[in-house]
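Student: Pasting a predicted model and its sequence here:
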Amino acid sequence: MVSTIPVGPITNGIAVNEATNMIYVTSTSTNSVYVIDGSSNTLTDPPTISVSSGPTGVSVNPVTNTIYVNHSVPSG
């Protein structure tokens with residue numbers, strides 16, 4: 001183990017943008033995506049992106065630096 005970075009208590013998905021060295025972790029318990037700077041192994045400021053209920057996974061497009069979050073609970 002290289003580092004332990006505290007994030008929400010219920011995490012489900014993780015994605016890494018190798019181009020920017022950013023790590024994205026979804027948390028169902030906080031309805032957010034935690035953003036970790038992989039070069040410093042710290043949470044960014046602000047540390048989360050709020051999303052709709054029930055985020056279960058995340059993916060990233062490294063070319064556009066866009067993240068996509070899937071949900072288990074429909075929004076709307």
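Tutor: Received, thanks. Only a predicted model underlies this, so the values are computations on that prediction, with no experimental measurement involved.
Student: N70 touches V51, doesn't it?
Tutor: No: between N70 and V51 there is no contact under CB atoms under 8 Å: 10.0 Å. Any C-beta I mention is one placed from the backbone N, CA and C, and that applies to glycine too.
Student: And the two? Which one has more around it.
Tutor: Counted by other CB atoms under 10 Å, N70 and V51 do not tie: V51 has more neighbours, with 19 against 14.
Student: roughly how far apart are that one and D45?
Tutor: Noted for V51: a distance of 18 Å to D45, by CB to CB, to the nearest Å.
Student: for N17, same thing?
Tutor: 18 Å.
Student: more crowded one of the two?
Tutor: When N17 is set against D45 and neighbours are counted by other CB under 10 Å, the residue ahead is N17, at 17 against 7.
Student: I'd say P9 and V25 touch.
Tutor: No: between P9 and V25 there is no contact under CB under 8 Å: 11.8 Å.
Student: Comparing those two, which shows the higher neighbour count?
Tutor: V25 (21 against 9).
Student: who's the more buried one bridged to?
Tutor: Per DSSP bridges, the residues bridged to V25 are I14, Y34.
Student: tell me the contacts of it?
Tutor: With contacts defined as CB atoms under 8 Å, 6 or more residues apart in numbering, V25 is in contact with V7, G8, T11, G13, I14, V33, Y34, I36, V58.
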